[in-house]
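> Need a 3D model of the sequence below.
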Amino acid sequence: MEISLDISKTLRSGEREFQLEVRFASAARRVVVHGPSGAGKSQMMKALAGLVTPDRGRIALAGRCLYDGAGGVNLPARERNVAYLFQDYALFPHLNVRQNVGFGLRRGWRNPRASVDEEAIRYWLRRFELEQVAHQFPHQLSGGQRQRVALARALAPRPSALLLDEPFAALDPGLRERMRAELDTLQRRLAIPMLIITHDPEDVRVFGEHVLRMDGGRIVEEQQP
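Here you go, the predicted structure:
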């Protein structure tokens, strides 16, 4: 993946203060960051995606500088060319499956029309076996189908990296195992680099090419290939 991250961020909530100090570099195509809840994993991921601005430091991905506090560089999220899959998938409830997938191909905030029919959309609907539910809305889908739609939307713009925040946490154990296997196969087939944050040891076992453990806002352990 050729990712390099060295950032510092002070987070405050009322009288509480949390210090995020994360530094690591990796050329692996699968990086897993694990650790207990509250370790700072999601905040680190959001900084990489451009959703949180560090106080200082530097972030680079695939040879591109995304953030450099000293140099005044801070690319907005839309220009970083990374796909971020949230824990709750963040599908648009008023858009059907076809529109949700198509949204990833649009610039700006104009919604694709309900009958949108483009080859790129058809390709991802086929790839994720969503053709039969293309007209349905998120509330009509199963948990596994919603995850497939979110992945299809994230991958449609051909991002340089896929960022997954606890991708299986909301699924029941049986579906979690199946979706984990599907993501494993898909990532190998598409050869897209990905970074996963999790607290599930099974995610570490399946996807852990380069494993980082976070606690207290810092990387406290590292296992490289």
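> Which residue lies nearest the spatial centre of the protein?
Leu163 (2.3 Å; CA atoms, centre = their mean).
> is it true that that one touches Ala49?
Yes. With contact defined as CB atoms under 8 Å, Leu163 counts as touching Ala49 (5.7 Å). Yep, even glycine has a C-beta here, placed from its N, CA and C like the rest.
> circling back: now the residue nearest to the centre of the chain: how far from Arg98?
Separation of Leu163 from Arg98 (CB to CB, to the nearest Å): 24 Å.
> any idea how the protein splits into domains?
3-81+159-223, 96-157 (automatic domain parsing).
> now those domains as a markdown table including mean pLDDT and distance to Ala90?
As requested, those are exported to a markdown table (pLDDT from 0 to 100; distance: least, CB to CB, whole Å):
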| stretch | mean pLDDT | distance to Ala90 |
| --- | --- | --- |
| domain 3-81+159-223 | 92 | 10 |
| domain 96-157 | 82 | 7 |
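> Switch the ones you listed over to TSV; also include distance to Asp88.
Converted to TSV, those look like this (distance: least, CB to CB, whole Å):
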stretch	distance to Asp88
domain 3-81+159-223	7
domain 96-157	9
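> what about the helices in the protein?
In the chain, the helices defined using DSSP state H lie at 41-49, 97-103, 119-127, 143-155, 173-190, 201-207.
> Just say which of those is most tucked in.
Comparing the helices of the chain by mean neighbour count (mean count of other CB atoms under 10 Å), helix 97-103 ranks first with a mean of 26.
> Provide a list of residues in contact with the closest residue to Leu11 other than its chain neighbours.
Distances taken as CB to CB, 6 or more residues apart in numbering place Phe18 nearest to Leu11, at 4.4 Å, with adjacent residues excluded. Going by CB atoms under 8 Å, 6 or more residues apart in numbering, Phe18 touches 10-12, 40, 217.
> ok so, going back, please identify every residue contacting each of Leu163 and Ala49.
Common neighbours of Leu163 and Ala49 (CB under 8 Å, 6+ apart) are 82, 84.
> In PDB, list the C-alpha atoms belonging to stretch 30-48.
Only the C-alpha atoms of stretch 30-48 are listed here, as PDB (Å, rounded to 0.1, in the frame of the first residue of the first chain):
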ATOM      1  CA  ARG A  30      -3.400  -5.700   3.900                       C
ATOM      2  CA  VAL A  31      -2.900  -3.700   7.100                       C
ATOM      3  CA  VAL A  32      -5.000  -4.500  10.200                       C
ATOM      4  CA  VAL A  33      -5.200  -2.200  13.200                       C
ATOM      5  CA  HIS A  34      -6.700  -3.800  16.200                       C
ATOM      6  CA  GLY A  35      -7.200  -3.000  19.800                       C
ATOM      7  CA  PRO A  36      -9.900  -2.200  22.500                       C
ATOM      8  CA  SER A  37     -12.700   0.200  22.000                       C
ATOM      9  CA  GLY A  38     -11.500   3.800  22.700                       C
ATOM     10  CA  ALA A  39      -8.000   3.100  21.500                       C
ATOM     11  CA  GLY A  40      -8.200   5.800  18.800                       C
ATOM     12  CA  LYS A  41      -8.500   3.400  15.800                       C
ATOM     13  CA  SER A  42     -11.400   5.200  14.200                       C
ATOM     14  CA  GLN A  43      -9.900   8.700  14.700                       C
ATOM     15  CA  MET A  44      -6.600   7.500  13.100                       C
ATOM     16  CA  MET A  45      -8.600   6.100  10.100                       C
ATOM     17  CA  LYS A  46     -10.600   9.300   9.800                       C
ATOM     18  CA  ALA A  47      -7.400  11.400   9.700                       C
ATOM     19  CA  LEU A  48      -6.200   9.200   6.800                       C
END
